[in-house]
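1. Take this sequence and fold it.
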Amino acid sequence: MSRVDRFAALEMFARVVELGSFSKTAIELSVSQSTVSKQMSDLENHLQIRLLSRTTRRLSLTEAGEAFYADAKSILSQYARAVGDVVQAGQTPSGTLRIATPVLFGRKHLTPLLPVFFERYPEIVVEHVLSDSTMDLVRDGIDLSIHIGELKDSSHHGRKLGMLQPVTVASPAFLKDRPAILHPRDLVSVPCLIDLGQIAPFEWPFRESTGEPCLIAVNGPYRVDVFEALCEAAIAGLGVLRAPLSACGEDLRAGRLVRLLTEFDPGFVPIHAVMPASSWIPQKTRVMVDYLIETFPRNPWLRCPE
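-> Just a heads-up that it's a prediction; the model follows:
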């Protein structure tokens, strides 16, 4: 196996691991499945060690394969960065950048940042896809996605941008003639605003003073799949809302909403910039991610905990 073949096999091995399939790798690389299988066998023969454990149903790494994969990814990433840096050295970042964000988050916390971004990078065009639905970055042609919560797809690149604080709120008018809400279990007897876009919309997580998790079953007459409508409903006095502080911070400051159960807040939720799996990140994407990392900490509603 020549040095060129070895490097190609290294790239193919990494994609086999990330996609978990010879057939998917073959489709992505526009080669036959037998070519992928032969390349992997030749690589193992060259190294004189077994990297992959293959059955009819499952493909997994051996212990040696896990160590080799980590080293392979490091080599491929360094090579891709070197090539990308050489190609783009001295060039002005340009091109169309497709960014996907949750609707309310994008409107409140990305769009206001764009004027300064465009001043810095006038040759970049931003296509902003606002959606509360899960998107497939590759299928939907997304260069950069802002993801709220823990990352589940390890095949994508992720950069942590900050944290969100979930809070419980209601309007002063809603609270005026009701018993005080002093513990999360008090929510069982009051109307709550239900976000149908959540995986478990009728279960709200809290944390007891002891640190133990506390899951409360809630209900209410107003349920909606677009989160922005829930904020308006809370201000109108339709019920209690669980929301990120980033979504309702200005309303709290203005007195349109009141924060409840602060001692039971469950903790912070991470915000990630997510990019499609690749050994090289385009310059237009990198400058946007760097810009968000620079600017997000200045936002009082997105600040990370100390």
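
2. And the strands in the stretch 1-150 of the chain?
-> 52-54, 59-61, 95-101, 124-130, 144-148 (DSSP state E, counting those that start in this stretch).

3. Point out the most buried one among those.
-> strand 144-148 (a mean of 21; mean count of other C-beta atoms under 10 Å). No exception for glycine: its C-beta is placed from N, CA and C like everyone else's.

4. which outside residues touch that one?
-> Here strand 144-148 makes contact (C-beta atoms under 8 Å, 6 or more residues apart in numbering) with 97-102, 105-106, 110, 135, 137, 158, 161, 164, 244, 269-275, 285, 288-289.

5. what does stretch 55-72 give?
-> 10, 13-14, 16-17, 20-22, 47, 49-53.

6. Filter those residues down to the buried ones, PyMOL style.
-> Filtering the contacts of stretch 55-72 down to the buried ones (16 or more other C-beta atoms under 10 Å) takes a single PyMOL command:
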select buried, resi 10+13+14+16+17+21+22+51+52
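
7. and the contacts of stretch 55-72, which of them are in helices?
-> Leu10, Phe13, Ala14, Val16, Val17, Phe22, Leu47 (DSSP state H).

8. Rebuild these as a markdown table, extending it with distance to Val218 and pLDDT.
-> Output for these, formatted as a markdown table (distance: C-beta to C-beta, whole Å; pLDDT from 0 to 100):
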| residue | distance to Val218 | pLDDT |
| --- | --- | --- |
| Leu10 | 51 | 85 |
| Phe13 | 48 | 89 |
| Ala14 | 45 | 87 |
| Val16 | 45 | 89 |
| Val17 | 42 | 88 |
| Phe22 | 47 | 88 |
| Leu47 | 56 | 88 |
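
9. now for the residues you listed, which pair is the farthest apart?
-> Phe22 and Leu47 (18.2 Å; C-beta to C-beta).

10. Thr295: neighbour count?
-> 17 (other C-beta atoms under 10 Å).

11. what separates the helix or strand encompassing it from the chain centre, distance-wise?
-> Assigned by DSSP states H and E, Thr295 falls within helix 283-295. Relative to its parent chain, helix 283-295 has a centroid offset of 15 Å by C-alpha atoms, centre = their mean, to the nearest Å.

12. Poorly predicted segments of the protein, please.
-> Residue ranges of the chain with pLDDT under 70: 1-4, 56, 80-91, 153-156, 278-280, 303-306.

13. Quick test: name the residue nearest the centre of it.
-> In the chain, the C-alpha nearest the mean C-alpha coordinate belongs to His147, at 2.4 Å (C-alpha atoms, centre = their mean).

14. So in terms of bridging, what pairs with that residue?
-> His272 (DSSP bridges).

15. Okay, it and Phe296: tell me how far apart.
-> 14 Å (C-beta to C-beta, to the nearest Å).

16. which residues are common contacts for these two?
-> Ile271.

17. Return the closest of the ones in helices among the contacts of stretch 55-72 with respect to Leu196.
-> Val17 (36.6 Å).

18. List the contacts of that closest one.
-> Counting by C-beta under 8 Å, 6+ apart, Val17 has contacts Leu61, Gly65, Tyr69.

19. please redo it, this time with the cut-off set to 7 Å
-> Leu61, Tyr69 (C-beta atoms under 7 Å, 6 or more residues apart in numbering).
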